[in-house]
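# have a look; sequence and predicted model below, questions after that.
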Amino acid sequence: MWTRYSCCSLWLVLAMATVVSAAEIALPVAEPIVEGVSSVSEFAPGAPFYAGVRWRLPEGWHLYWQNPGDSGMAPQIEWIVPSNVQVGAVLWPAPSRFKNGEYATFGYTGTVMLVAPVIVGDTWPSGRELELKIATRWLLCADTCVPGSTQLTVTLRCAPQPSPSTNAPAVYAMLRRLPRRWPQITASVELSPTSAWIRVMGLNGVRPGYLYPRDEGLWPAGYDLTWNSIGQEWHTVVPLGPRRPWPERVQAVLELPERTTAVMIDIITNRDIVSGRKESSP
Amino acid sequence: MKRQIGVLTLLAVIGAKLVLGGAVPGQDAPAFQAVDIEGKSIALSDFKGKYVVLEWFNPGCPFVRKWYQNGDMQKLQRELTSQGVVWITINSGAPGKPGHLTPVQWKELVVKNNSAATHYVADEKGDIGRAYGAQTTPHMFLIGPDGKLLYAGAIDNKPSTDPGDIAGATNYVRRALEEAKAGKPVSVPQTKPYGCSVKY
């Protein structure tokens, strides 16, 4: 039922070679279906489109976000493309949080698509096919974890006008759900030796949900956030994780459960606890 | 002004709840007693005067396999124990959870893997793991001769499941030990560990 990739068999052979006991033999079957995807079947030089990888995960397994949380590993995507093709950064959908006792991880279940914007230079010879080679490595976890890797090739025809692929609706549906910046929402953090006090402004009464920092190790993923509203602001305090020093600017995804959406925010570090605070008018 | 006081009170109230479990570098390493897989009773205090490495272990985890399949972890164990370091490998997997081993299974695995730790401890209730805040396999701790924690975190700076990444990586445990033995402060006393979750 699941597509198997030859590159994974080598790993399985290596894994089997070290098997000695009943406890080790139970290698789980976690073969996701992995495909290359593109928003176009025909591209036009100079017209940006989206391409990347889609995983269809077996039930009960999850793939990780760019910050995996307390354990796990983010999927990696490497592009091998002709020199006059530019590929942007991967666009990460908002993650979910998987709580496991005192710890938690961030990631995705079901069907996961990670795409990046691609643009082919104007000098591309008309009629020449484009081959996008994508090498990807990932870790899939349920109770146990299984790494995987594959190389995918997305082949696209060149045309004067781009035409959408059969995957275009799924790609655009995912893009519409990406966490966006809301210009009125601002955030700051003040640090003590053991904790970080995070303030979010401009939510206009919308209650914040979980806050996912893009950087790893800032605060324990397993720590449940408690938000308190003070006037127009929302405040939470988190214990510091191992990461030192704290970055000047932390990019984070803030869930807004009441709006069933998530927003991208920048949390600016306020180094001066008392005099540096600005009183915002309500 | 009133608002400011309110905020500070809030911070104090919330701050009071921010007591996290786990071992903190610079502080006393949490004491523990255990029976190893050979049936020998050990306590951390037995090793006062020596450096102690704690390694969190789960045989099924791909990050642990990365370190064992080509003998890299075993080599590190031999390198450090030959310098007098006490190396304790701990499995905090609960019975019935993936990677849990009975003493008999674990002894077989030690032989098969040619492991070279000083002691192997099945922490089935997870007490030692929780006291240290062990969150991944592997998760590494280095304790100094005075019983203070010198290092807590990842084994190295290449979070991956690929054994090919080991050679080019900075091993945080080895470096912390070298620095401590040279009388220097440990330059990186804490990192975010990488690996599979501990199956408490």
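Received the coordinates, thanks.

# in chain B, which spans are strands?
Counting by DSSP state E, chain B has these strands, from start to end: B:33-35, B:41-43, B:52-56, B:86-91, B:119-122, B:136-137, B:140-143, B:149-153, B:196-197.

# of those strands, which is nearest A:Arg244?
For the strands of chain B, the distance to A:Arg244 is smallest for strand B:149-153, at 11.2 Å, taking CB to CB. Placement of C-beta: from N, CA and C, glycine included.

# still on that earlier bit, could the strands of chain B be laid out in JSON lines, adding mean neighbour count and distance to A:Gly107?
What follows is those, written out as JSON lines (neighbours: other CB atoms under 10 Å in any protein chain shown; distance: least, CB to CB, whole Å):
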{"stretch": "strand B:33-35", "mean neighbour count": "15", "distance to A:Gly107": "33"}
{"stretch": "strand B:41-43", "mean neighbour count": "13", "distance to A:Gly107": "38"}
{"stretch": "strand B:52-56", "mean neighbour count": "26", "distance to A:Gly107": "22"}
{"stretch": "strand B:86-91", "mean neighbour count": "23", "distance to A:Gly107": "25"}
{"stretch": "strand B:119-122", "mean neighbour count": "22", "distance to A:Gly107": "29"}
{"stretch": "strand B:136-137", "mean neighbour count": "28", "distance to A:Gly107": "15"}
{"stretch": "strand B:140-143", "mean neighbour count": "26", "distance to A:Gly107": "24"}
{"stretch": "strand B:149-153", "mean neighbour count": "24", "distance to A:Gly107": "22"}
{"stretch": "strand B:196-197", "mean neighbour count": "26", "distance to A:Gly107": "12"}
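
# show me how chain A divides into domains.
Structural domains assigned to chain A are A:6-176, A:180-270, following automatic domain parsing.

# and the closest residue to chain A within chain B, what does it touch?
Across chain B, no residue is closer to chain A than B:Lys192, which sits at 3.4 Å (CB to the nearest CB). Residues near B:Lys192 by CB atoms under 8 Å, 6 or more residues apart in numbering or on different chains: A:216-217, A:241-243, B:153-154.

# one more time with 6 Å
A:216-217, A:242 (CB atoms under 6 Å, 6 or more residues apart in numbering or on different chains).

# same question for A:Cys158.
Taking CB under 6 Å, 6+ apart, we find A:Cys158 in contact with A:127-128.

# picking up where we left off before, ok, so of the contacts of B:Lys192, who is nearest chain B?
When the contacts of B:Lys192 are compared for distance to chain B (CB to the nearest CB), A:Gly217 wins out at 3.4 Å.

# could you check the pLDDT of that closest one?
Predicted confidence (pLDDT) for A:Gly217: 96.

# what's the neighbour count on it?
20 (other CB atoms under 10 Å in any protein chain shown).

# what of the one 5 residues further on?
Burial of A:Gly222 is recorded as 19 neighbouring residues (other CB under 10 Å).

# A:Ser38 now?
Other residues within reach of A:Ser38 by the criterion other CB under 10 Å amount to 24.

# next up, the contacts around it.
With contact set as CB under 6 Å, 6+ apart, A:Ser38 has these partners: A:51, A:154, A:165.

# one more time with 7 Å, if that's ok
For A:Ser38, the set of contacting residues under the criterion of CB atoms under 7 Å, 6 or more residues apart in numbering or on different chains consists of A:49-51, A:154, A:156, A:165, A:167.

# on that earlier part again, report the secondary structure state of the closest residue to the residue of chain B closest to chain A other than its chain neighbours.
Nearest-residue entry for B:Lys192: A:Gly217, 3.4 Å, with adjacent residues in sequence omitted and distances by CB to CB, 6 or more residues apart in numbering or on different chains. Under DSSP: H, G, I helix; E, B strand; the rest coil, the three-state class of A:Gly217 is coil.

# per-residue pLDDT, A:Gly205?
For A:Gly205, pLDDT reads 88.

# give the helix, strand or coil label for it.
Under three-state DSSP, A:Gly205 falls in the coil class.

# ok, A:Leu152 next?
Three-state assignment for A:Leu152 (three-state DSSP): strand.
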